[in-house]
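> coords please:
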Amino acid sequence: MSKPWVLCIVACACVAVISGGNFGAAIWSTRAINQCDEPNHKFKTVIKLMDINETHDGFYGDVELVEDFTEEYGVRLDISKLVEDEFKQFDVIYDDNLFNFFDKYAHKYVVGCFNAVGINPPALPIPKGNYKINEYVYSKEIMPGLFGTYMIKLYIVKDNLDEGCIEIQIEGEEVEQKTEE
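From the prediction side, this is the model:
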């Protein structure tokens, strides 16, 4: 299984993608969350997406930490954009400290994820063990950003080795801007 709050990176991934391209107000939705098909990874997880309503998404899952999670872990996001019915490489974001990445890109979402698995306040190290996320709900926020559909492969990295991976598909839909006449 994977880090219990690796799921929190769904939010981080959404925020990290908002950095160029067709720019304007967009509402961000999570379209899919899946385990990467990489059998050599140490950490694995089962995540199920919940379509709550027009303004909220959510997910639940079971995860197992096979070792304590410490500051030794980093993150790499391989981001692809859907272009002409095919995902094409768009960007790669890397941070050798996952918690620095959380603080920089999605602090409020990460705190919510930690709370959903019963880790309050978020602190390191996170002890190995089994964790259950019963329900984590988050708003489909309207933010300045890109339009389009993106696939993010989020890798948990330690000592330059991929230890776990989750694949997230998000979509930024243009929000109509009201103009005053």
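> wait, a helix at Glu38?
No. Applying DSSP: H, G, I helix; E, B strand; the rest coil, one finds Glu38 to be coil, outside a helix.
> Asp51 against Phe59, yeah?
No. Asp51 lies out of contact with Phe59 (Cβ atoms under 8 Å); the separation is 10.2 Å. To be clear about C-beta, it is placed using only N, CA and C from the backbone, and glycine gets the same treatment.
> the two: which is more packed in?
Taking neighbours as other Cβ atoms under 10 Å, Asp51 and Phe59 compare with Phe59 leading, 20 against 11.
> who does the more buried one bridge with?
Leu49, Tyr136 (DSSP bridges).
> do I have it right that it meets Met50?
Yes. With contact defined as Cβ under 8 Å, Phe59 and Met50 form a contacting pair (6.0 Å).
> ok, and the closest non-adjacent residue to Ala116?
Tyr136 (4.2 Å; Cβ to Cβ, 6 or more residues apart in numbering).
> quick one: the strands in this structure?
For the chain, applying DSSP state E gives strands covering 23-35, 45-51, 56-65, 74-83, 86-95, 129-139, 142-146, 148-158, 161-174.
> could you tell me the least trusted of those?
When those are compared on mean pLDDT, strand 142-146 scores lowest, with a mean of 70.
> residues touching Ile47, list them.
Contacts for Ile47 (Cβ atoms under 8 Å, 6 or more residues apart in numbering) come out as 7, 33-35, 59-61, 166.
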